[in-house]
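Trainee: Sequence isn't available, so here's the structure alone:
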Ligand code: UDP
Ligand code: MG
């Protein structure tokens with residue numbers, strides 16, 4: 001729980017994949033920020049930085065090992081292969097939660113402005129278990145990236161996926177919230193939609209996202225698109241319902257078509273073969289689509305069941321006196 005008196009141990013968690021060009025700069029900047037926060041008595045002196053090497057093939061792991069000799073409060077975690085940004089973040093949180101009270105995840109390329117870390121901690125001290133870093137503008141993005149991101153958040157919201165728009169994975173979470181998050185055993189990890197499902201009181205801090213300080217993006221367009229599609233399909237079975245709606249609509253049209261063509265036939269206005277052709281096309285199309293989507297609805301249920309997501313997260317409990325009496 002947030003407390004103004006007890007200084008929380010902060011764990012800064014960074015996923016890094018082939019980040020040799022930028023990692024030394026990032027670490028030195030974060031060490032400075034951490035030192036200032038300790039000086040300001042906002043965090044405990046036992047705070048640390050944890051870098052997850054996500055199966056890099058460059059010198060990233062060497063840099064972590066070297067830096068650990070200089071800064072003892074640096075923790076390195078090396079994954080055996082490249083598991084992807086989201087899994088690397090989860091790996092980092094799983095390890096950091098053992099040592100920290102609050103965790104802040106941020107990219108290794110200094111795009112997530114570390115200057116707002118202080119604001120995040122202040123929001124935590126106000127009683128928020130989760131603090132989302134939100135980009136205040138997207139003017140520095142290309143036209144394509146800005147508009148695809150806008151479309152993505154709009155479509156996701158329409159399909160019922162709850163996300164904080166313009167928030168990526170720069171966020172503070174208390175270990176209480178992280179432990180609840182880690183109860184979600186799913187394989188398709190899309191943290192920015194999973195974290196809001198955890199609940200708890202949350203807040204936002206706004207920041208300007210900088211240019212990548214060095215190195216190149218590890219998220220090419222193809223990876224980004226599949227990430228977006230994964231994000232929506234892992235959290236919504238709404239597309240199946242839409243399919244069902246379209247199927248039902250086509251069946252309705254088929255009904256009208258049947259009545260119309262039968263009348264036309266009776267009045268002798270129909271071309272030979274036209275009525276039977278039209279009726280079968282619309283009727284079979286409608287039946288096909290509805291049948292597929294009925295199967296889809298069941299698959300959707302299997303899909304949500306196999307996730308084994310917890311149905312609830314308990315935030316607080318009372319009745320300790322009764323419980324201790326019954327336990328004794
Ligand atoms: N990253 C990772 N594993 C991957 C891809 C990326 O750990 O497979 C890390 C990367 O090192 C960086 C963060 O995820 O710290 C965000 O990646 P990047 O900066 O390349 O994405 P962009 O900002 O271009 O969307
Ligand atoms: Mg980046």
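Mentor: That came through fine. Values in this document were obtained by computation on a predicted structure and should not be read as measured data. Ligands and ions are numbered 1, 2, ... in the order given.

Trainee: can you give me the helices in the chain?
Mentor: 23-39, 60-70, 85-96, 117-125, 143-158, 175-181, 191-198, 221-233, 238-266, 274-306, 320-327 (DSSP state H).

Trainee: Please name the nearest non-neighbouring residue to residue 105.
Mentor: residue 13 (4.7 Å; Cβ to Cβ, 6 or more residues apart in numbering). The C-beta positions use only the backbone N, C-alpha and C, and glycine is treated the same way.

Trainee: Any idea what the one you found is bridged to?
Mentor: Beta-bridge pairing for residue 13 (DSSP bridges): residue 50, residue 105.

Trainee: From ligand 2, how far off is it?
Mentor: 15 Å (Cβ to the ion, to the nearest Å).

Trainee: which ones are touching the nearest residue to residue 45 once chain neighbours are set aside?
Mentor: Sequence neighbours aside, residue 38 is the residue nearest to residue 45 in space, at 5.4 Å (criterion: Cβ to Cβ, 6+ apart). For residue 38, the contacting residues are 44-45, 47, by Cβ atoms under 8 Å, 6 or more residues apart in numbering.

Trainee: wait, what's in contact with residue 261?
Mentor: 270, 274-275, 278-279.

Trainee: go with 10 Å
Mentor: Residue 261 sits next to 269-270, 274-279, 282 when contact means Cβ atoms under 10 Å, 6 or more residues apart in numbering.

Trainee: want to try CSV for these, with neighbour count as columns?
Mentor: Formatted as CSV, those follow (neighbours: other Cβ atoms under 10 Å):
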residue, neighbour count
269, 10
270, 17
274, 13
275, 18
276, 12
277, 11
278, 18
279, 17
282, 20
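
Trainee: Quick check: of those residues, which lies closest to ligand 1?
Mentor: residue 282 (45.8 Å; Cβ to the nearest ligand atom).

Trainee: In contact with that closest one, which residues?
Mentor: When contacts are counted by Cβ under 10 Å, 6+ apart, residue 282 touches 250-258, 261.

Trainee: and what of residue 192?
Mentor: 86, 132, 156, 161-165, 167-169, 171, 231 are the contacts of residue 192 under Cβ under 10 Å, 6+ apart.

Trainee: go again using 6 Å as the cut-off
Mentor: residue 163 (Cβ atoms under 6 Å, 6 or more residues apart in numbering).

Trainee: gap between it and residue 232?
Mentor: Distance, residue 192 to residue 232, by Cβ to Cβ, to the nearest Å: 12 Å.
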